[in-house]
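Peer 1: Fold the following, please.
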Amino acid sequence: MNIETLNRWQKSLQTRSSLAIIVTAAILIELTVAIQYWYAREGIEEEVVRRAKSELTVESLEIQNVMTSVEVAVKNHVWVVESMLEHPDSLYTVEHRIVRENEQIWGCGIAFIPYYYPSKGKWFEPYTTLKLDSNVVKKQIGGPDHDYTKLEFYKHTLEGDSAFWSEPYLDADGARGMVTTYTMPVHDKTGRCVAVIGADVALDWLADVVDANNAYESSYEMIISRNGLLMASPVESLVMQRNIIDIELGKGDSSQGKFNEQMKAGKHGQTVLTDENGEKNYVFFAPIKGKTGWSMAVVCPDKEIYSGLRKVGLYLTILMLAGLALLTFIVIRTINGFNKLQQANADKESIESELRIASGIQMGMLPKVHSNCPDSDDIEVYGFLAPAKVVGGDLYDFFKRDDKLFFCIGDVSGKGVPASLVMSVTRTLFRTLSNHETLPSRIVNRLNDTMAEMNETNMFATIFVGVLHIPTGRLQYCNAGHCPPFLIGDGVSKLNVIPNIPVGFMAGKKFVAQETMIEPGTTIFLYTDGLTEAENSSHAQFGVQRVTEETERIMAKGNTHPRELITQMSDAMREFVSDNEQSDDLTMLAVKYTRKHDARELRRNIVLPNDVNTVTRLQPFIEEIGDTLELSSSQTSKLNLAVEEAVVNVMNYAYPAGTYGEVSIDAKADGKQLEIILTDCGMPFDPTECKDVDTTLSADKRPIGGLGIHLVRQIMDSVSYERVGENNVLTLVKML
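Peer 2: Numbers count the residues shown, from 1 in each chain. Alright, predicted model coming up:
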C-alpha cells in the first residue's frame, strides 16, 4: 500500500467516523428532545388534572356553603312555625325574618295541607319575598291557579316527611323566576305533618360561580341537577331548557354517552371528548357535596393546554438543527486535532467553569429575601456571605413557618470545594429538618446524627440554630460549637450559650437547647470566625473586642437596621485588614425583632375536662370572641366548628380511656390575627401528622380518620403542633 492510498484510506476513515459521530449525535439529540417533550406533556397533563380538580373542589364548596346556609336557616325556624300554628297570620313574621337574615334566600313560603284552616279555604300558602329595593312583599299565593299540592317540593316533602331540595323550576307566583326550593315538614302538637316550609333560592348566581375561576381562558363549566337538567352553561340558551343526556359535547364521540350517564349519576371522573371541529377536550366531572344531588363538569380544550408546549417543541427543533450544524462544524474542526496545550487550556477552563457554576449554586442556596422576612412585618433579616475562595464552607439560612422564624448560621471546617460540599449538605439538612421539627435541639441532634454517619473525611461544622416565636418574642436556640451571637437593644451583650461540640463528630450526642425572651427592637447579630479572625498585614486579628466596640458605635448612631449593621461592620473589618488577602470565609446574619407583642386586643381562657360532653361549653366562649372581634355569624360558626373538632381530637387521643385530664384553651388577638392555643398534659400526640384526606374518594374507599384535622385546616389559616416539656401545644391561627 503506497502513501497516497494510505492517506486516502485515513481520510475515508475520518470521514466515516465524522459522519457516524454526527448521525449518532443527531439521534441522541432527537431522542433527548422527544423525551423532554414527553415528560413536559406528562407534567402539563398532571397540572391540568390538579387545576381542574382544585377548581371543582373550590366551586363545589362555594355552592355547598350557600345551600348549607339555606338549610340551616330553614331548620332553625321550623320549630318557630310549629309554635305559631294557632296564629296563621303571624307566620309572615317568621318568613320575613328568614328572608331578611339570609341574602341567599329569594323568598319563603309555608304550604298547608288542604282545609287546615277552614277559614282560609282549601289552599293556604303565605309567602314573603324581598325585592331588590329591599321592600318586603307578603301575600297568600295558594289557590286554584297555584295548586301547590301538585308541585314536587310539596308532594315529596309531605310523603317522605323529610327535608328535600327540589329540581329547578319556574316559580311564576312566588319568587317569579327560576329557583330551587329547600323544604322541611311542619308538624302540629300531635306529630301530624300539616305543612311544608320552603325557602326559594334563585339560580342566576350559579352563572357567576362557574365564570369566576376558569382554569384556562377557553375552558368552561357546567352544572346539572339530579335529573340532568342543565343549570349553568356558557351557552345561556341551553340553561334550564335542555337535559345533559340530550347535549353533545363531542360529536360522533363514543365516550359522550358514558360521560352523560356518569355525570347524571353523580360520579367522579374524567374523559376526553372530540368536538365537531375535531378538537380534543379534557372533561373533569364530580358531584357537588350536600343534599342537592347536583354535579359539575370542567371542560378544558387540548389546543389551549398544549399551545405553549407546541411552541417550545418547534423552538427545540430549530435549536436541535442549529446544534447539529454547530456539531458538524465542531467535528470538522476536531478532525484537525488539538495539541496538548489546547487540551490543558480546555481542562483549566472546564475546572474554572465548574467552580463558577458551583459558586452560583452555593450562592443560590441562600435565602433570596434580605430586607424583610417573607410574609412578615414583624421581622427584618439581612445576611452576607463572602467565601475566601470561589466556593466556601460558611452558610446561613432563614425562613418563616407557623408564626416562627427559623434561622441558622454555620462554619464548616476547611475551605474550598470540600467545605462547600459539606456546607450544601448542612444547609439542606437544616431546611429539611426544620420544615418538620420545631425545637432547635431536635434539629441539631438529627443534623449531627446524619452528618456523623456519612463523615468519612472527619470534617465537621459549627452551627447555631434559632427559632423565634414572632407573636411572643420567645427565642429557643441550640449552639453547636459556634460563636455566641450578640443581642443589640438597650445595650450590647452576648447571648448566653452552652458551647456544645460541633456537629458531625459523634453520632448520638445530645445537644442542649436554651431559651430566652427577645424584646421588640432587639437585633440578634450572628457571625462566623471569619470576622473575628480576619488579620491585617501585622497578623493582628480583628477580634471579639473590636466587634463589640464597633457594634456599640453603630448602635449609638442609631443604625440598627440589619443591612446597615452588617454593611458598617463589613466596612470596619475591611478598613482594619486593609489590602491583606482574605484568609477565611466570612458570614454575618442580623435578625431584628420589631413586633409589639405586648399590645393585645383580646385574651380569653377556658379549661375543660377531657370529657367530650363538656365541649358544648365552647360555643358561648367562641361566640363571645366573635362578638368582641366583630366577626360575622358565619365566621363565628366556622371558628366554633374548627375549635370543637380540635378539642375533641385532643380529648380522644391525648388521654387514654379512663384517664382524667384537662384541656386549656387560650384565645389571643392583636388586630391582625386570632390565635387559639390548646394545651394538654396528655401523652405526646401530634394531630398535624395526619395526611390530607382525599375527599375525592368515596367513603368506603377513604381511610378511617383524618377528617377532623382536615376540616380544621380548611377553616383556619395555619395549624401547628409542638411538644413543650410535658405538654402538647396545638396552635390554630385565623387571619382577621
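Peer 1: Distance of C193 relative to C483?
Peer 2: 80 Å (C-beta to C-beta, to the nearest Å). Using the backbone N, CA and C atoms, a C-beta is placed for each residue, glycine as well.
Peer 1: out of these two, which sits in the busier spot?
Peer 2: A direct count of neighbours by other C-beta atoms under 10 Å for C193 and C483 places C483 higher, at 21 against 16.
Peer 1: Give me the pLDDT for that one.
Peer 2: For C483, the model assigns a pLDDT of 92.
Peer 1: I'd assumed it was in a strand, is it?
Peer 2: No: secondary structure of C483 (DSSP: H, G, I helix; E, B strand; the rest coil): coil, not part of a strand.
Peer 1: List the contacts of it.
Peer 2: Neighbouring residues of C483 by C-beta atoms under 8 Å, 6 or more residues apart in numbering: T462, F464, L526, Y527, T528, D529, T532.
Peer 1: Equivalent analysis for W123, please.
Peer 2: If a contact means C-beta under 8 Å, 6+ apart, then W123 has P114, G142, G143, P144, H146, D147, Y148, T149 as its contacts.
Peer 1: sorry, back to before: and the contacts of C483 as JSON lines, adding neighbour count?
Peer 2: Shown next, in JSON lines, are those (neighbours: other C-beta atoms under 10 Å):
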{"residue": "T462", "neighbour count": "22"}
{"residue": "F464", "neighbour count": "29"}
{"residue": "L526", "neighbour count": "23"}
{"residue": "Y527", "neighbour count": "28"}
{"residue": "T528", "neighbour count": "27"}
{"residue": "D529", "neighbour count": "18"}
{"residue": "T532", "neighbour count": "17"}
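Peer 1: which two in those are spaced the farthest apart?
Peer 2: The largest separation in those, counting by C-beta to C-beta, is between F464 and T532 at 14.4 Å.
Peer 1: separation between L151 and S166?
Peer 2: 8 Å.
Peer 1: quick one, which of these two is more surrounded?
Peer 2: For L151 versus S166, neighbours defined as other C-beta under 10 Å are more numerous around S166 (23 against 18).
Peer 1: For that one, give its distance to M320.
Peer 2: 61 Å.
Peer 1: ok, back up a step: out of the contacts of C483, which are inside helices?
Peer 2: In helices, judged by DSSP state H, the following of these are found: D529, T532.
Peer 1: Rebuild the contacts of C483 as TSV, extending it with distance to G43 and pLDDT.
Peer 2: Shown next, in TSV, are the contacts of C483 (distance: C-beta to C-beta, whole Å; pLDDT from 0 to 100):
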residue	distance to G43	pLDDT
T462	41	93
F464	39	97
L526	40	95
Y527	43	95
T528	40	92
D529	45	90
T532	49	90
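Peer 1: ok, so of the contacts of C483, who is nearest P502?
Peer 2: Of all the contacts of C483, P502 sits closest to T462, with 4.6 Å by C-beta to C-beta.
Peer 1: who does the closest one bridge with?
Peer 2: Beta-bridge partners for T462, by DSSP bridges, are D411.
Peer 1: start at 529 instead
Peer 2: Noted, 529 is the first residue going forward, which turns the last one into T990.
Peer 1: Hmm, G938 and it touching each other?
Peer 2: Yes: contact status for T990 versus G938: in contact at 6.2 Å, counting by C-beta atoms under 8 Å.
Peer 1: who touches both of these two?
Peer 2: With C-beta under 8 Å, 6+ apart, T990 and G938 have common neighbours H1010, T1056.
Peer 1: what mean pLDDT would you report for the helix or strand that contains Q1073?
Peer 2: In this assignment (DSSP states H and E), Q1073 forms part of helix 1071-1084. Confidence over helix 1071-1084, taken as the mean pLDDT, stands at 90.
Peer 1: tell me the angle whichever helix or strand comes after that helix makes with helix 1071-1084.
Peer 2: Remark: after helix 1071-1084, the chain's next helix or strand is helix 1090-1105, criterion DSSP H and E. Helix 1090-1105 and helix 1071-1084 are oriented at 130 degrees to each other (axes from the mean of the first three to the mean of the last three C-alpha atoms, to 10 degrees).
Peer 1: could you dump helix 1090-1105 to PDB, C-alpha only?
Peer 2: Taking Å, rounded to 0.1, in the frame of the first residue of the first chain, the C-alpha atoms of helix 1090-1105 are listed here in PDB:
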ATOM      1  CA  PRO A1090     -29.800  44.600  59.800                       C
ATOM      2  CA  ARG A1091     -28.500  45.700  56.400                       C
ATOM      3  CA  GLU A1092     -26.800  48.900  57.800                       C
ATOM      4  CA  LEU A1093     -25.400  46.900  60.700                       C
ATOM      5  CA  ILE A1094     -23.800  44.300  58.500                       C
ATOM      6  CA  THR A1095     -22.600  46.800  55.900                       C
ATOM      7  CA  GLN A1096     -20.900  49.000  58.500                       C
ATOM      8  CA  MET A1097     -19.400  46.000  60.300                       C
ATOM      9  CA  SER A1098     -18.000  44.700  57.000                       C
ATOM     10  CA  ASP A1099     -16.600  48.200  56.100                       C
ATOM     11  CA  ALA A1100     -14.900  48.400  59.600                       C
ATOM     12  CA  MET A1101     -13.400  44.900  59.100                       C
ATOM     13  CA  ARG A1102     -12.100  45.700  55.600                       C
ATOM     14  CA  GLU A1103     -10.600  49.000  56.900                       C
ATOM     15  CA  PHE A1104      -8.800  47.000  59.600                       C
ATOM     16  CA  VAL A1105      -7.300  44.300  57.300                       C
END
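Peer 1: list the buried ones in it?
Peer 2: When neighbours are counted by 16 or more other C-beta atoms under 10 Å, the buried residues of helix 1090-1105 are found to be P1090, R1091, L1093, I1094, T1095, Q1096, M1097, A1100, M1101, F1104, V1105.
Peer 1: tell me what that helix is packed against?
Peer 2: The helices and strands touching helix 1090-1105, judged by 3 or more C-beta pairs under 8 Å, 6 or more residues apart in numbering; DSSP states H and E, are strand 907-914, strand 1050-1055, helix 1071-1084, strand 1114-1121.
Peer 1: how about these in JSON lines, adding distance to V609?
Peer 2: Below are the helices and strands packed on helix 1090-1105 laid out as JSON lines (distance: least, C-beta to C-beta, whole Å):
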{"stretch": "strand 907-914", "distance to V609": "56"}
{"stretch": "strand 1050-1055", "distance to V609": "62"}
{"stretch": "helix 1071-1084", "distance to V609": "72"}
{"stretch": "strand 1114-1121", "distance to V609": "58"}
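Peer 1: Surely S1065 touches S1106?
Peer 2: Yes: if you go by C-beta under 8 Å, S1065 and S1106 touch, sitting 6.5 Å apart.
Peer 1: Can you give me the neighbour number for A553?
Peer 2: Quick note: A553 (other C-beta under 10 Å) scores 16 neighbours.
Peer 1: ok, and the closest non-adjacent residue to it?
Peer 2: Using C-beta to C-beta, 6 or more residues apart in numbering and skipping residues adjacent in sequence, the residue nearest A553 is L855, 5.2 Å away.
Peer 1: Am I right that that neighbour sits in a helix?
Peer 2: Yes: L855 forms part of a helix when assessed by three-state DSSP.
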